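Participant: Structure for this input, please:
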Amino acid sequence: MDIYVLLKRTFDTEEKINISSGKIEDDGAEFIINPYDEYAVEEAINQRDEHGGEVTVVTVGDEESEKQLRTALAMGADKAVLINTEEDLEDGDQYTTSRILEAYFKDKQVDLILAGNVAIDEASGQVGPRLAELLGMPYITTITSLKIDNETVSLEKDVEGDVEVIESTLPLLVTCQQGLNEPRYPSLPGIMKAKKKPLDELELDDLDLDEDELEAKTRTVEIFLPPEKEAGRVLEGEIGDQVQELVSLLKNDAKVL
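Facilitator: Modelled structure (predicted):
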């Protein structure tokens with residue numbers, strides 16, 4: 001099987017994030033593989049081990065993304081591809097990324113493409129479905145189970161806390177939800193092997209694309225941190241008095257009544 005994983009380099013939302021002039025300060029941010037993409041990498045490796053073939057991890061970004069690609073190789077992926085847009089593209093959005101990936105995949109033999117359900121930095125969940133539409137490929141989002149029997153694919157999809165069972169065929173694109181598997185940590189032998197695995201770097205010229213074709217359809221108006229939480233307040237006294245005080249606070253201070 002020819003299996004591909006869409007991977008994104010994201011900042012770690014569990015670490016301290018600093019914003020300056022409406023932008024996240026890269027120097028102070030810790031960058032990781034988007035956690036939902038880790039489920040995609042793990043599932044791709046599992047399907048390859050069961051059905052044969054190879055796993056190729058693909059990302060659109062700058063040279064800093066090589067670290068995350070090497071981590072995916074250390075987990076067990078076979079090859080990695082960095083589509084480097086650092087010199088050619090100043091701004092982009094989900095439309096831009098999906099068009100770049102479309103150009104990359106147009107002459108590829110593909111059985112299965114896996115991506116994360118969302119990226120934790122922007123959480124749009126658009127790139128996978130957009131790419132599938134551009135490639136004319138069926139897609140299923142937020143999967144929590146994936147079983148392949150020849151050309152038939154049986155899936156379970158998370159739907160607001162319930163499960164939908166779906167059957168499809170290859171080729172197919174899926175986006176992966178928490179609960180699909182438990183991503184492995186790269187082992188020391190895996191890290192050593194990753195250094196020798198192929199990591200190809202492409203630019204927009206290699207895909208016959210120019211910047212005008214990739215103009216973003218959206219723009220970020222503002223980036224800001226949420227307000228700090230204020231200390232809680234404990235109401236005291238008789239129950240009736242507490243209820244009256246609570247209603248007064250909700251109405252006059254919080255203004256939600």
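Participant: what residues does stretch 50-65 touch?
Facilitator: 1-9, 31, 41, 44-45, 48, 68-69, 72-73, 76-86, 97, 100-101, 104, 111, 148 (CB atoms under 8 Å, 6 or more residues apart in numbering). (C-beta placed from N, C-alpha, C; glycine too.)
Participant: Among the residues you listed, which lie within helices?
Facilitator: Those of those mapping onto helices are 41, 44-45, 48, 68-69, 72-73, 97, 100-101, 104, per DSSP state H.
Participant: Put together a markdown table for those residues, with distance to G61, pLDDT and neighbour count on each row.
Facilitator: As requested, those are arranged in a markdown table below (distance: CB to CB, whole Å; pLDDT from 0 to 100; neighbours: other CB atoms under 10 Å):
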| residue | distance to G61 | pLDDT | neighbour count |
| --- | --- | --- | --- |
| V41 | 16 | 98 | 26 |
| A44 | 19 | 98 | 29 |
| I45 | 22 | 98 | 21 |
| R48 | 24 | 97 | 19 |
| Q68 | 9 | 96 | 23 |
| L69 | 9 | 97 | 25 |
| A72 | 13 | 97 | 30 |
| L73 | 16 | 97 | 25 |
| T97 | 9 | 94 | 24 |
| I100 | 10 | 96 | 24 |
| L101 | 12 | 97 | 25 |
| Y104 | 13 | 97 | 19 |
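Participant: Rebuild those residues as TSV, extending it with distance to L250.
Facilitator: TSV is the format used below for those (distance: CB to CB, whole Å):
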residue	distance to L250
V41	46
A44	49
I45	51
R48	55
Q68	45
L69	50
A72	49
L73	54
T97	43
I100	49
L101	48
Y104	53
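Participant: just curious, which of these is nearest to E25?
Facilitator: Taking CB to CB as the measure, Q68 is the one of the ones in helices among the contacts of stretch 50-65 closest to E25, at 19.1 Å.
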